[in-house]
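Participant: for reference, the sequence and a predicted model appear below.
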Amino acid sequence: MAQADLLVDLLKTATSGDQLAFRKAAEGLIQEEKQKGHRLLAERLTKALQANAVQSVRPPAARTNGSSANKDLFYEITPERNLSSLVLPEKIKNQVQELVEEQHRAELLHAHNLRARNRILLAGPPGNGKTTLAEALAFELMYPLIVIRYETLVGSYLGETSSRLKSVLDYARTQRCVLFFDEFETLGKERGDTHETGEIKRVVSTLLLQLDEMPDYVVVVAASNHPELLDRAVWRRFQLRIELSTPTREQLTQYIASISQRCSVHFGYEPETLAKHLLGLNFAETEEFCLGVVRRAVLDMKTENAQQVTKIKLEQWKGRLKPTADKNTAIAKEGSDR
């Protein structure tokens, strides 16, 4: 398509308020600039499109206020992290980008009697980026991120949880959004578990029915620290299943370097060396360590070279309190120390 036509389409979609059509037109213009070799202009246009993505798709205030009866069941987050800012294996990043493209071009899929994928299961130990990935997905889609609040969703009376779950999912259907369930095993637990009550079975059945009926413009992201506890029927509902494992040394190196650059603090160690010391930590723990160094370096005015601060923090980190994996082992150790 000629550039003049692209500019006309861009203007039409901007004035019509159709955000998805506007994005497609803008992406077409960016692609044409890339083909012409105008790489810097294409990058600037891409950044401008991403910078305004969140504000352009905020749901109307009237719609949000209309859910006052359900507002205690969830909260909304304005996504701020994009996919490129995350440290992810290329395979996982490509999978997420494919889903984003399907959502952006859903109309074309619909024309061929196909649906865009909209159900993702994220599994892995705590602190490895499941919540952050859900936020980045919402950012790339230009959708609000709706996070389920279990403390108000789960009720003590018969059928109360199922009823509340249906209410919040009905609300999600009124808009394009990413609906995020953290610790998903709370709701999707195996129905064959003999230790669970009939209420859990009813909740899982409601959940399965609701997932099947969810329109593809609502992207459901479920995160679980214990995917082995999930009902097998729940597993089958998710078209994309991603495991986020403990970061490798290479990933930690990249993550530490990004924190150093973002905070304008030189840790006094090469990122690769520091990653060797922190190997085995998850992303959340690594960030907490690095921010601890940053805080001390700022207070001591040693942001240009925080080597001494980093060294002290490494010693403190080694001696930090850790959760006991096995209570019996801890008791035995206590007895041997006497």
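Facilitator: Alright, I've got the coordinates.
Participant: domain ranges for this structure, per the record?
Facilitator: For the chain, the structural domains run 3-51, 61-243, 249-318, going by automatic domain parsing.
Participant: ok, and the helix or strand in this structure with the lowest average confidence?
Facilitator: helix 61-65 (a mean of 41; mean pLDDT, DSSP states H and E).
Participant: if we can go back for a sec, okay if I get the domains of the chain as TSV plus mean neighbour count?
Facilitator: The way it works is simple: take the backbone N, C-alpha and C, and place the C-beta from them, glycine included. As requested, the domains of the chain are exported to TSV (neighbours: other CB atoms under 10 Å):
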stretch	mean neighbour count
domain 3-51	14
domain 61-243	17
domain 249-318	17
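Participant: show me what secondary structure element comes after the helix or strand hosting residue 285.
Facilitator: Applying DSSP states H and E as the criterion places residue 285 in helix 283-300. Counting by DSSP H and E, the next helix or strand C-terminal to helix 283-300 is helix 307-318.
Participant: avg pLDDT for that next one?
Facilitator: For helix 307-318, the mean pLDDT works out to 92.
Participant: may I have that helix as CSV, with CA atoms only?
Facilitator: Taking Å, rounded to 0.1, in the frame of the first residue of the first chain, the C-alpha atoms of helix 307-318 are listed here in CSV:
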residue,chain,number,x,y,z
GLN,A,307,31.9,-2.4,45.0
GLN,A,308,32.3,-2.2,48.7
VAL,A,309,28.6,-1.9,49.3
THR,A,310,28.0,-4.9,47.0
LYS,A,311,30.6,-6.9,48.9
ILE,A,312,29.0,-6.2,52.2
LYS,A,313,25.5,-7.0,50.9
LEU,A,314,26.7,-10.3,49.5
GLU,A,315,28.0,-11.3,53.0
GLN,A,316,24.7,-10.2,54.5
TRP,A,317,22.7,-12.1,51.9
LYS,A,318,24.6,-15.3,52.5
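Participant: weakest of the domains of the chain in terms of mean pLDDT?
Facilitator: Minimum mean pLDDT among these: domain 3-51, a mean of 71.
Participant: ok, which stretches of the stretch 201-338 of the chain are strands?
Facilitator: Using DSSP state E, counting those that start in this stretch, the strands of the stretch 201-338 of the chain run over 218-224, 240-243.
Participant: packing partners for the shortest one?
Facilitator: Strand 240-243 makes packing contacts with helix 90-104, strand 119-123 when contacts are defined by 3 or more CB pairs under 8 Å, 6 or more residues apart in numbering; DSSP states H and E.
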